[in-house]
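[1] coordinates only, no sequence provided:
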C-alpha cells in the first residue's frame, strides 16, 4: 500500500463518518477517542449497520501485527472479517502516524477536506 492509497481510503472513511456519525458525538471526539466506540450512528438510516461496516471502505491487514514499526508497503486492503489484525484505514493511520490523529479528528468534527 502507498500513502496515496491509504489517504484515498481515509478520505472515503471520513466522508462517511461525517455523514453517518451523530454530530454531537463527532464534536466530542478527542485524542483519547476510539472513533468506532465513541461515535453513534445517526438514527434515520434504513438499516442499522455498525459504523465500522458502513463507513470503512474495507479493512487493512498485514502478515504481522500492525504497530508503529509496520512498513506501509506491507499492508494490504482486504474485505471485512472478524480476524485479528484487521483495522480500518483511520485506525492504521493512527498507529503508523499518531501525530496526524488530531488533524483527522478535526476533519471529522468540522467536515474538512483532505489537504
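    Structure's in. What do you need? Computed from a predicted model, the values in this text were never measured in an experiment.
[2] give me the three-state assignment for the residue lying closest to residue 33 once chain neighbours are set aside.
    With sequence-adjacent residues excluded and distances taken as CB to CB, 6 or more residues apart in numbering, residue 33 is closest to residue 105, at 6.9 Å. Glycine gets a C-beta too; all of them are placed from N, C-alpha and C. When classified by DSSP: H, G, I helix; E, B strand; the rest coil, residue 105 comes out as helix.
[3] what about residue 105, how many residues close to it?
    The local packing of residue 105 (other CB atoms under 10 Å) involves 19 other residues.
[4] same question, residue 51
    Neighbour tally, residue 51, other CB under 10 Å: 22.
[5] got a list of what the residue nearest to residue 33 touches?
    29-31, 33 (CB atoms under 8 Å, 6 or more residues apart in numbering).
[6] who wins for most neighbours among those?
    Result: residue 29 is most packed of the contacts of residue 105 (other CB under 10 Å), 21 neighbours.
[7] nearest residue to that one in space, please, no chain neighbours.
    residue 105 (4.8 Å).
[8] for the one you found, give its distance to residue 94.
    Using CB to CB, to the nearest Å, residue 105 is found at 9 Å from residue 94.
[9] now do the buried residues in stretch 72-87.
    Neighbour-count burial for stretch 72-87 flags 72, 75, 86-87 (criterion: 16 or more other CB atoms under 10 Å).
[10] which single one of these is nearest to residue 37?
    For those, the closest approach to residue 37 (CB to CB) belongs to residue 87, at 13.8 Å.
[11] contact partners for the closest one?
    Residues in contact with residue 87, defined by CB under 8 Å, 6+ apart, are 59-61, 66, 95.
[12] check what pLDDT residue 113 gets.
    Residue 113 carries a pLDDT value of 52.
[13] where do the strands sit along the chain?
    In order along the chain, the chain carries the following strands (DSSP state E): 59-61, 76-78.
[14] wait, which of these is closest to residue 99?
    Within the strands of the chain, the stretch nearest residue 99 is strand 59-61; the backing value is 19.1 Å (CB to CB).
[15] which outside residues touch the closest one?
    For strand 59-61, contacts defined as CB under 8 Å, 6+ apart pick out 1, 6, 9, 66, 75-81, 83, 85-89, 92.
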